[in-house]
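Trainee: sharing a sequence plus its predicted fold:
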Amino acid sequence: MRKQRLVVVGSGSTYTMGMMMSLIAEKDRFPLKEVVFYDTDEQRQERNAKATEILFKERYSELESFSYTTDKKEAFENVDFVFVQIRTGGLAMREQDEQIALRHGVVGQETCGPGGMAYGLRSIKDMIELVNDVRRFSPNAWILNYTNPAAIVAEALNREFPKDDRLLNICDMPIAIMISYAKILGIDVWDIVPEYFGLNHFGWFTKIYDKEGNDLTERLKERIIDTGFSPEDEAIANDISWQKTFDQARQMLIDFPEFLPNTYLQYYLYPEAMVEKEDPNHTRARQVIEGRQKHVHDLCERIIDKGTAREEELHVDVHGVFMVKAAESLAYNLGERFIVLVENNGVIPNLPANAMVEVPALLTSSGPKPFSVGEIPTFYKGLIEGQLAYEQQVVDAYFETSYQKLVQALTLNRTVISATKAKEIVDDLIVANEKYWPRFKK
Ligand SMILES: NC(=O)c1ccc[n+]([C@@H]2O[C@H](COP(=O)([O-])OP(=O)(O)OC[C@H]3O[C@@H](n4cnc5c(N)ncnc54)[C@H](O)[C@@H]3O)[C@@H](O)[C@H]2O)c1
Ligand SMILES: O=P(O)(O)OC[C@H]1O[C@H](O[C@H]2[C@H](O)[C@@H](O)[C@@H](O)O[C@@H]2CO)[C@H](O)[C@@H](O)[C@@H]1O
Ligand SMILES: [Mn+2]
């Protein structure tokens with residue numbers, strides 16, 4: 001089995017340690033020769049890197065080389081895989097996004113509504129630069145991207161790099177939801193065969209089968225409605241915010257029982273209730289700073305101080321293992337089924353061909369091979385078309401630096417609707433994002 005050379009971009013991420021555990025867990029199926037960390041923030045990177053160095057010495061003796069750098073050439077030369085998880089502006093800007101939206105009485109969220117637009121307009125520039133940098137040094141490397149908002153990033157990258165067929169955007173939400181389905185059904189998550197359609201953070205499971213082809217959909221729906229729905233992945237199971245989100249997904253299923261919803265639809269279907277639940281002084285960004293980020297920083301510092309990771313409880317989480325398993329399938333032509341983002345091109349014939357849709361696909365060494373979904377019913381088509389128009393309008397606004405299109409985009413978004421509000425929010429976001437956004441022309 002050919003060993004892979006991997007670079008992790010945004011290696012200072014709160015998800016890096018979980019991802020490293022996934023690399024260790026999958027080392028027989030995705031064997032690595034070399035791992036390189038790349039980040040623009042030396043300090044964030046060093047903490048994770050020093051802890052990883054110790055972890056790899058103890059648990060990944062087969063690895064020939066581990067290093068970390070802020071130099072692009074050093075990072076991107078001769079690599080096979082690039083895993084990307086960057087956050088332009090950091091969690092501090094995420095907090096701004098959430099608070100600005102809430103100040104105007106609308107959903108304040110990382111990837112949905114005005115927050116998602118603000119974050120998207122920060123991510124696009126860095127992601128385009130990054131893909132260009134990687135391609136300069138490793139023209140054939142697989143780039144697997146987690147960077148959010150994945151819908152807007154995927155749309156922008158598809159326009160900027162239309163011929164790049166080794167660039168794949170993914171999201172861990174569908175698989176995280178499937179972990180909860182698996183628990184309810186008493187089967188292994190990797191034995192679930194899902195049918196799914198939508199945009200990123202905007203989709204529905206239409207069928208849930210097991211490997212033998214048994215249709216478990218109706219049984220699953222009944223169980224969720226009767227006995228509840230909760231997050232089960234280790235990383236989110238005890239998080240109150242995620243528990244509320246999964247509980248709300250049960251309510252969505254009661255209200256719209258045809259298909260099983262992605263949890264993110266709560267922001268579009270019940271925007272007022274979502275706003276009411278929020279404490280503007282303690283939004284999700286602050287919870288993550290005090291929760292996941294603190295936990296990871298403390299963990300790394302303990303490992304570094306003690307010189308060992310043996311005393312720590314470290315877990316493989318869905319985020320890391322999904323990325324690694326997808327990479328395995330691409331590297332070794334396994335043709336395994338994953339829900340990923342691809343250009344529509346008739347997969348859903350009653351949506352535009354150029355839409356970036358999230359659907360099941362077989363991952364092969366020549367790229368994702370999506371399954372045909374077929375025409376979707378009017379309710380879902382209507383919702384998706386509105387959201388797609390918003391996403392495409394945000395990307396149009398970015399490339400044309402058009403203020404008018406930004407206002408139009410937010411007016412299209414279900415979490416905003418009011419043109420007056422859209423304009424006021426855009427004006428506030430422009431001020432807050434001065435360091436990150438292009439200058440929009442009025
Ligand atoms: N697609 C998904 O389903 C999914 C799931 C989880 C997280 N994410 C995304 O993963 C990313 C990381 O999340 P996090 O909470 O760990 O954020 P984080 O801020 O902890 O980590 C991001 C890292 O990226 C670095 N960075 C920023 N700009 C960079 C650039 N241009 N080049 C290299 N490094 C850069 C930062 O210095 C930081 O260390 C975010 O975009 C988040 O939204 C996506
Ligand atoms: O609010 P956060 O930062 O906790 O999470 C936002 C992300 O939520 C989804 O991803 C993951 C989660 O981050 C991870 O810990 C995992 O175990 O479960 C979640 C659900 O899959 C979402 O897909 C991401 O796009 C968000 O960034
Ligand atoms: Mn996601």
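Mentor: Perfect, I can see it now. Ligands and ions are numbered 1, 2, ... in the order given.
Trainee: from here on, contacts and neighbour counts on C-alpha atoms
Mentor: Noted.
Trainee: so stretch 176-183, near ligand 1 or not?
Mentor: No. Under the criterion of CA under 6 Å from any ligand atom, stretch 176-183 makes no contact with ligand 1; the nearest approach is 9.4 Å.
Trainee: mind listing what's buried along that stretch?
Mentor: 176-182 (16 or more other CA atoms under 10 Å).
Trainee: which residues does the longest helix anywhere in the chain contact?
Mentor: With residue count as the measure and DSSP state H as the assignment, the chain has helix 113-137 as its longest helix. Identification of contacts with helix 113-137 by CA atoms under 8 Å, 6 or more residues apart in numbering yields 72-73, 76-78, 87-89, 94, 97-98, 101, 107-111, 141, 147-149, 152-153, 156-157, 160, 394-395, 398, 410, 413-416, 425, 429, 433, 436-437.
Trainee: that one and ligand 2 in contact?
Mentor: No. Against ligand 2, helix 113-137 shows no contacts by CA under 6 Å from any ligand atom, the least distance being 10.5 Å.
Trainee: the buried residues of stretch 176-183: which ones sit near ligand 2?
Mentor: With CA under 6 Å from any ligand atom as the criterion, those include residue 176 near ligand 2.
Trainee: would you map the strands across this protein?
Mentor: 4-9, 32-38, 65-69, 81-84, 142-145, 167-169, 192-199, 202-210, 260-261, 336-343, 356-364, 367-370 (DSSP state E).
Trainee: how much space separates residue 97 from ligand 1?
Mentor: 13 Å (CA to the nearest ligand atom, to the nearest Å).
Trainee: please tell me I have it right and residue 348 contacts residue 370.
Mentor: No. The pair residue 348 / residue 370 is not scored as a contact, 10.4 Å apart, by CA atoms under 8 Å.
Trainee: ok, residue 42 touching residue 70?
Mentor: Yes. Applying CA under 8 Å as the test, residue 42 and residue 70 come out as touching, 6.9 Å apart.
Trainee: and the closest residue to ligand 1 within the stretch 151-300 of the chain, how far is that from residue 358?
Mentor: Nearest residue of the stretch 151-300 of the chain to ligand 1 (CA to the nearest ligand atom) works out as residue 171 at 3.2 Å. Distance, residue 171 to residue 358, by CA to CA, to the nearest Å: 9 Å.
Trainee: hey, what's in contact with both of these two?
Mentor: Common contacts of residue 171 and residue 358 (CA under 8 Å, 6+ apart): 200, 340.
Trainee: which one of those two has more residues nearby?
Mentor: residue 358 (28 against 23; other CA atoms under 10 Å).
Trainee: nearest spatial neighbour of the more buried one, chain-adjacent residues omitted?
Mentor: Excluding the flanking residues, the one nearest residue 358 by CA to CA, 6 or more residues apart in numbering is residue 341, at 4.4 Å.
Trainee: for stretch 198-216, measure first residue to last.
Mentor: Rule used - CA to CA; the end-to-end distance of stretch 198-216 is 21 Å.
Trainee: for that stretch, buried residues please.
Mentor: Those buried within stretch 198-216 under the rule 16+ other CA under 10 Å are 198-205, 207-208, 210, 216.
Trainee: ditto for stretch 251-262
Mentor: Buried positions in stretch 251-262, judged by neighbour count with 16+ other CA under 10 Å: 251-253, 259-262.
Trainee: need the contact list for the nearest residue to residue 40 once chain neighbours are set aside.
Mentor: Of all residues not flanking residue 40 in the chain, residue 70 sits nearest, at 5.8 Å (CA to CA, 6+ apart). Residues near residue 70 by CA under 8 Å, 6+ apart: 38-42.
Trainee: name the member of those residues with the most neighbours.
Mentor: Highest count within the contacts of residue 70 by other CA under 10 Å belongs to residue 38, 25 neighbours.
Trainee: need the pLDDT of the closest residue to that residue other than its chain neighbours.
Mentor: Of all residues not flanking residue 38 in the chain, residue 9 sits nearest, at 4.8 Å (CA to CA, 6+ apart). Looking at residue 9, its pLDDT stands at 98.
Trainee: and residue 9, how far from ligand 2?
Mentor: In terms of CA to the nearest ligand atom, residue 9 sits 16 Å off from ligand 2.
Trainee: again, but for residue 42
Mentor: From residue 42 to ligand 2 the distance is 22 Å (CA to the nearest ligand atom).
Trainee: got the contact list for that residue?
Mentor: residue 70.
Trainee: ok, whichever residue of the stretch 101-250 of the chain sits closest to ligand 2 - contacts?
Mentor: In the stretch 101-250 of the chain, the residue found nearest to ligand 2 is residue 173; the distance is 3.4 Å by CA to the nearest ligand atom. Each residue near residue 173 by CA under 8 Å, 6+ apart is listed here: 201, 262.
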